[in-house]
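Q: coordinates only, sequence not included:
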């Protein structure tokens, strides 16, 4: 069983270096995809349809069925993909996305994003400095190795505002793992998400924050490998 990894907003597939290396050591084939507007596809506009297609193409390239793992924006996209392409999904790991994208929340982020975009460097220094201060040099380097997408937020917020992940999870037959850092600010609806799953479980990583795969790579990778073993045994 293969694994497809879906990154968060403004970063790229390079954020999955630690997981990609661990999966390779375990003999698990995997691919980390770039979403439209990010990494190798930074010249494209982000759309939800394009993002779901990117995941579908990644799964198709690995045999047509996989464990799909997404963090933050990637988690929202992975849930949407699972609802639209159930035959491709052996299992779903949705991390850092357990808050429904309500209009008030998305609107607040949009105001902040517009303010940052008006900075002389469009927020490049702030983005890099924040990543290094919070995550450390190595993790920040993984996040930024594919380049930071500084102009994508308006498109992402517009598209994410159309999502209803709770309703989408209700249509996912595959087993679902909801993985959140203990101190993630995107945990507000995790119990509602879990209740919506037909076959779900919640994993909370102690001490971790929103970017759980980066700040707690060992614990997060263990959760992915346990999910992989479970879907492989079905």
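A: Arrived safely, thanks for sending. Note that the structure is a prediction, hence the values are computed from the model and not measured.
Q: Against which helices or strands is the helix or strand hosting residue 195 packed?
A: In this assignment (DSSP states H and E), residue 195 forms part of helix 190-196. Applying 3 or more CB pairs under 8 Å, 6 or more residues apart in numbering; DSSP states H and E, one finds that helix 190-196 contacts helix 165-169, strand 176-181, strand 200-205. To be clear about C-beta, it is placed using only N, CA and C from the backbone, and glycine gets the same treatment.
Q: Give the buried residues for the first one.
A: For helix 165-169, the neighbour count (16 or more other CB atoms under 10 Å) marks 165-166, 168-169 as buried.
Q: all strands in this protein, in order from the N-terminus.
A: 2-6, 30-33, 66-71, 89-95, 176-181, 200-205 (DSSP state E).
Q: Quick check: which ranges of this structure have low pLDDT?
A: Within the chain, the segments meeting pLDDT under 70 span 102-136, 234.
Q: Go again with 50.
A: Scanning the chain for pLDDT under 50 picks out 104-127, 129, 131, 133.
Q: gap between the residue nearest to residue 31 when sequence neighbours are not counted and residue 33?
A: Distance criterion CB to CB, 6 or more residues apart in numbering; nearest residue to residue 31, sequence neighbours excluded, is residue 58 at 5.1 Å. With distances taken as CB to CB, to the nearest Å, residue 58 is found 4 Å from residue 33.
Q: Next, show the common contact partners of those two.
A: residue 4 (CB atoms under 8 Å, 6 or more residues apart in numbering).
Q: If you count surrounding residues, which of these two has more?
A: residue 33 (27 against 24; other CB atoms under 10 Å).
Q: In contact with that one: list those residues for me.
A: Applying CB under 8 Å, 6+ apart, the residues near residue 33 are 4-7, 13, 54-55, 57-58.
Q: Please apply the same query to residue 211.
A: Counted by CB under 8 Å, 6+ apart, residue 211 has contacts 8, 71-72, 96, 135, 139, 143, 181.
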